[in-house]
Every structure is written in C-alpha cells, then in structure tokens.
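J.: Next one to model:
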Amino acid sequence: QVQLVESGGGLAQAGTSLRLSCAVSGGTFSNYAMAWFRQVPGTERRLVATVNRHGFSTDYAASVRGRFTISRDNAKNSLYLQMNSLKPEDTALYYCAAVRSATGGAVYYSERSFEHWGQGTQVTVSS
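T.: As a prediction, the model looks like this:
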C-alpha cells in the first residue's frame with residue numbers, strides 16, 4: 001500500500017518561503033507521477049503543481065507560477081514544493097498526491113486522476 005506523508009507546513013509571514021516535503025513509501029516511487037494540491041475550508045481541492053515520473057516535466061497553477069517550484073528526488077522517494085514570496089492567499093491545507101503512470105512524460109491535472117493521497121500539511125501565511 002502506497003503511503004504519502006507531508007511535512008514542512010507551518011506559519012509564515014508574507015514574502016517569506018517554506019519548503020514542503022512528501023515522503024512516499026510502499027511502492028516504486030519512480031513509477032508515479034506526483035502533484036501538490038491545496039484546499040481552503042469550504043472550497044474544492046485545487047491543483048498547485050504537477051510533475052511527471054522523472055521530474056523533467058512540470059506545470060503550475062497560474063496563481064503560483066514563478067513563485068513555487070515542484071521537484072522530486074527519486075533516489076530519496078521524496079517530492080518537494082518550494083514556496084517563495086508567500087502570500088496570505090496561499091493559506092491552505094496542502095496535499096501531495098500520486099498516480100501510477102505507464103507514460104514517463106505524462107503529467108496529470110485532475111484530482112480524480114490521483115490514486116493516493118497524504119493527510120495534508122497546513123500552511124498559514126500572515127500579512
């Protein structure tokens with residue numbers, strides 16, 4: 001059973017940075033395309049960033065493009081989200097998600113595409 005555990009969330013001031021990590025176990029990490037989503041209470045979970053199995057193809061929500069960077073280390077079974085120039089509107093519960101992908105170059109966007117989810121890590125940005 002694939003398990004995902006997020007860490008690195010917390011309280012940050014606007015303009016500063018945080019780095020989220022997602023440790024993956026129970027599967028061959030390099031077989032999975034990965035993504036970060038976020039959710040504010042009362043709203044839908046939304047894609048933040050997505051990456052293919054090997055890390056060379058990425059995409060971002062317009063609201064974070066240029067500020068956030070998704071990356072992965074397949075040797076360490078880990079996914080990361082570097083968040084710079086944080087804004088109060090980045091406040092949310094952040095989830096990492098995984099989908100087994102037969103196509104090495106594919107990235108995934110829909111919440112429904114992802115098979116495995118972590119429990120989430122809270123990010124709160126104060127102004």
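
J.: Just give me the residue right at the centre of this structure.
T.: Ranked by distance to the mean C-alpha position of the chain (Cα atoms, centre = their mean), the top residue is residue 36 at 2.1 Å.

J.: how close does that one get to residue 94?
T.: As judged by Cβ to Cβ, to the nearest Å, residue 36 and residue 94 stand 6 Å apart. In short, each C-beta sits where N, CA and C put it, glycine included.

J.: okay, and the common contacts of these two?
T.: When contacts are counted by Cβ atoms under 8 Å, 6 or more residues apart in numbering, residue 36 and residue 94 are jointly contacted by 20, 48, 81.

J.: Which parts of this protein are strands?
T.: 3-7, 10-13, 18-25, 32-39, 46-51, 58-60, 68-73, 78-83, 92-100, 116-117, 121-126 (DSSP state E).

J.: The second one: which residues count as buried?
T.: Put plainly, it is strand 10-13. For strand 10-13, burial by neighbour count (16 or more other Cβ atoms under 10 Å) applies to residue 12.

J.: quick one: it to chain centroid distance?
T.: Averaged C-alpha coordinates place strand 10-13 at 17 Å from its chain's average position (Cα atoms, centre = their mean, to the nearest Å).

J.: next one: the last one
T.: If you compare the mean C-alpha spot of strand 121-126 with that of the full chain, they lie 14 Å apart, counting by Cα atoms, centre = their mean.
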